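[1] Need a 3D model of the sequence below.
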Amino acid sequence: MSKPSSSLLSLLGRRRFGPLFVTQFLGAFNDNMFKNALAVLITYRLAEAQGLDSKLWIPLAAGLFILPFFLFSATAGQLADRHDKARMIRWVKLAEIPIMLLGALALVAGSAEMLVGVLFLMGSQSSFFGPLKYGILPDHLPDEDLIAANGLVETGTFLAILLGTMAGALLVVGDGGTVLMGALVVGLALAGWLSSRGIPPAPSTRPDLPVSYNLPLTTGRLLRDLSREPVVMMAVLGISWFWFLGATYLTQFPTFTKFHIGGNEQVVTLFLSLFSIGIGAGSLLCNKLLGGRVRARHLPLAALGLSLFSADLYFASPDETQYTSYMGAAAFLSEPGNWRIVADMVGLSVAGGLFIVPLYAIMQTRTDPTHRARTVAANNVLNALLMVTSAVAVLLLLDAGATVTELFALVGITNLMVVGLVWRLHRRLENEKTA
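    Numbering: from 1, shown residues only. Have a look, this model is predicted:
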């Protein structure tokens, strides 16, 4: 029988978790603030001033941020398994400072080419940080604290996405906004490096591990090794599906709001807030429901919730319409019928939080400690692949005439296959307990 898990506040106050949480929060906030500032700057200033096509440059920027996860994740996982993870985190966060200095220069110079180049460097830095962030948790914490720790990490990540996205849009467009933004991204990178210095050592269990820089061969071997562990593979597939679903919703909120709701940017921010806070609430609720035990007991219900709330959002939403004026958040909330949409957004995101946290903990606890960071790296490759697949599928379906609400319904229907996947995972883990 497992010991009771630590309280969330006590976990945040522990040196084995608190500095890592602060480090990852600052990094996620900085990434999303810079990415959204770049998008706003290109769309509303540089496109007109320099004759750029924002419809091309924004997807290009997003692609350049994801590309390093395909290129470097395998090598990043090998390095994380070979070296002390805490020391590696400090090196990776140190590299963020010159990258953000270049980013500040690009913001002030107003160079779209430099901005997207910096975004590629940021994606590269993030691809090395991912295996370290999730790989170090089981090194520092007992199994009964992993649900709480992963819940806090996911909560922090989505709050950082929300706050960083809002800050990037609001600050960069003001007077002296690019200078202020440049100072902020450098300051946050420096703060992240300072907080990383408080992370305790996590010595390697495989200091003799050879590191290969043959990227295609290493990535292929990484995925092949993952496929040999059925439980871990099912957990990783579930995590990757979550990011597919999340990417689909987050990228389509502006279009959904404009053409189905008739709302302005305030309503987009409201939906983003509901989604981020709901995932955070669901993530934290996991620790209460599971009592710190790493189990898949609630996964089938959480996955079913994703399908049901996606389907109801389709039925609750108005048809696509060309509006001549757009309402704000207060006007949207003043209409009683719209509260069903709000409830679907909250239900969908809480189910997402309940879904994702146990999967990360299962992946961490079921992986050989000598191979853990490489497993996280393989997970990151598949996450990136599914997010790219989401973008391509959305483009093709919209081009074929589908509406955004039809996309949401299709995601909900497809998710029923994932319900079957996590049910198999749940039964397998339960059978192992009784064997």
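
[2] List the buried residues for stretch 273-289?
    273-287, 289 (16 or more other CB atoms under 10 Å). All C-beta spots, glycine's among them, are computed from the backbone N, C-alpha and C.

[3] Lowest-confidence entry in those?
    Lowest pLDDT among these: residue 287, with 84.

[4] That residue: what secondary structure?
    helix (DSSP: H, G, I helix; E, B strand; the rest coil).

[5] how close does it get to residue 277?
    From residue 287 across to residue 277, the span is 17 Å (CB to CB, to the nearest Å).

[6] Please apply the same query to residue 176.
    From residue 176 to residue 277 the distance is 31 Å (CB to CB).

[7] got it, and residue 256?
    18 Å.

[8] quick revisit: between the buried residues of stretch 273-289, which is nearest residue 234?
    Taking CB to CB as the measure, residue 234 lies nearest residue 286 of these, at 17.8 Å.

[9] Could I get the phi/psi values of the residue lying closest to that closest one once chain neighbours are set aside?
    Setting aside the residues directly before and after it, residue 286 is nearest to residue 357 in space (CB to CB, 6 or more residues apart in numbering), at 4.3 Å. Backbone torsions for residue 357, taken as degrees, to the nearest 10, come to phi -60, psi -50.

[10] Now do the contacts for residue 357.
    With contact taken as CB atoms under 8 Å, 6 or more residues apart in numbering, residue 357 is in contact with 147, 150, 151, 154, 282, 283, 286.

[11] at 7 Å what do you get?
    Counting by CB atoms under 7 Å, 6 or more residues apart in numbering, residue 357 touches 147, 150, 151, 154, 283, 286.

[12] I'd say the fifth one and residue 157 touch.
    This points to residue 283. No - using CB atoms under 7 Å, residue 283 is not in contact with residue 157; the gap is 9.0 Å.

[13] how about the strands of the stretch 51-200 of the chain, start to end?
    For the stretch 51-200 of the chain, applying DSSP state E, counting those that start in this stretch gives no strands.

[14] low pLDDT regions in it?
    54-55 (pLDDT under 70).

[15] which SS state does residue 367 fall under?
    Quick answer, by three-state DSSP: residue 367 is coil.

[16] Can you get me a residue count around it?
    By other CB atoms under 10 Å, 24 other residues sit near residue 367.

[17] which residue sits closest to it, ignoring its sequence neighbours?
    Nearest one to residue 367, counting by CB to CB, 6+ apart, is residue 375 at 4.5 Å.

[18] what's the helix or strand harbouring the one you found packed up against?
    Applying DSSP states H and E as the criterion places residue 375 in helix 372-399. Packing contacts for helix 372-399, counted by 3 or more CB pairs under 7 Å, 6 or more residues apart in numbering; DSSP states H and E, involve helix 54-82, helix 112-140, helix 215-227, helix 230-256, helix 339-365.

[19] Nearest to residue 427, out of those?
    So among the helices and strands packed on helix 372-399, helix 230-256 is nearest, using CB to CB, at 10.8 Å.

[20] buried residues in the closest one?
    231-250, 252-256.

[21] With respect to residue 96, which of the buried residues of stretch 273-289 is nearest?
    Nearest to residue 96 among the buried residues of stretch 273-289, with distances taken as CB to CB, is residue 276, at 22.8 Å.

[22] what about that closest one, distance to residue 298?
    21 Å.

[23] How about the contacts made by residue 248?
    Applying CB under 7 Å, 6+ apart, the residues near residue 248 are 390, 394, 407, 411.

[24] Measure how buried the third one is and give me the count.
    I take that to be residue 407. Around residue 407 there are 22 residues (other CB under 10 Å).

[25] can you check the last one too?
    Under the neighbour criterion other CB under 10 Å, residue 411 is assigned a count of 24.

[26] For it, give me phi and psi.
    Torsion angles, degrees, to the nearest 10, at residue 411: phi -60, psi -40.

[27] Compute the distance between it and residue 307, please.
    9 Å.

[28] again, but for the third one
    Taking CB to CB as the criterion, residue 407 is separated from residue 307 by 14 Å.

[29] which one among the contacts of residue 357 gets closest to residue 63?
    Nearest to residue 63 among the contacts of residue 357: residue 154, at 24.6 Å, using CB to CB.

[30] you'd agree the closest one is up against residue 352?
    No - the criterion here is CB under 7 Å, and residue 154 misses it with residue 352 at 9.2 Å.

[31] list residues touching both of those two?
    residue 279.

[32] So those two - more neighbours on which side?
    residue 352 (26 against 22).

[33] pLDDT score assigned to the more buried one?
    Reported pLDDT for residue 352: 96.

[34] Of the buried residues of stretch 273-289, which belong to helices?
    Counted as lying in helices by DSSP state H, out of the buried residues of stretch 273-289, are 273-287, 289.

[35] Taking the residues you listed, tell me the two that lie furthest apart.
    273 and 289 (23.9 Å).

[36] now stretch 424-431, how far from the chain's geometric center?
    The chain centre lies 26 Å from the centre of stretch 424-431; the measure is CA atoms, centre = their mean, to the nearest Å.

[37] contacts for it?
    Contacts of stretch 424-431 (CB under 7 Å, 6+ apart): 231, 234, 235, 295, 296, 297, 299, 300.

[38] Same question for stretch 218-225.
    Contacts of stretch 218-225 (CB under 7 Å, 6+ apart): 74, 75, 77, 212, 374, 377, 378, 381.

[39] Now render these as CSV, adding neighbour count and distance to residue 57.
    As requested, these are arranged in CSV below (neighbours: other CB atoms under 10 Å; distance: CB to CB, whole Å):
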residue, neighbour count, distance to residue 57
74, 29, 29
75, 22, 29
77, 31, 31
212, 12, 35
374, 30, 34
377, 32, 29
378, 28, 31
381, 23, 26
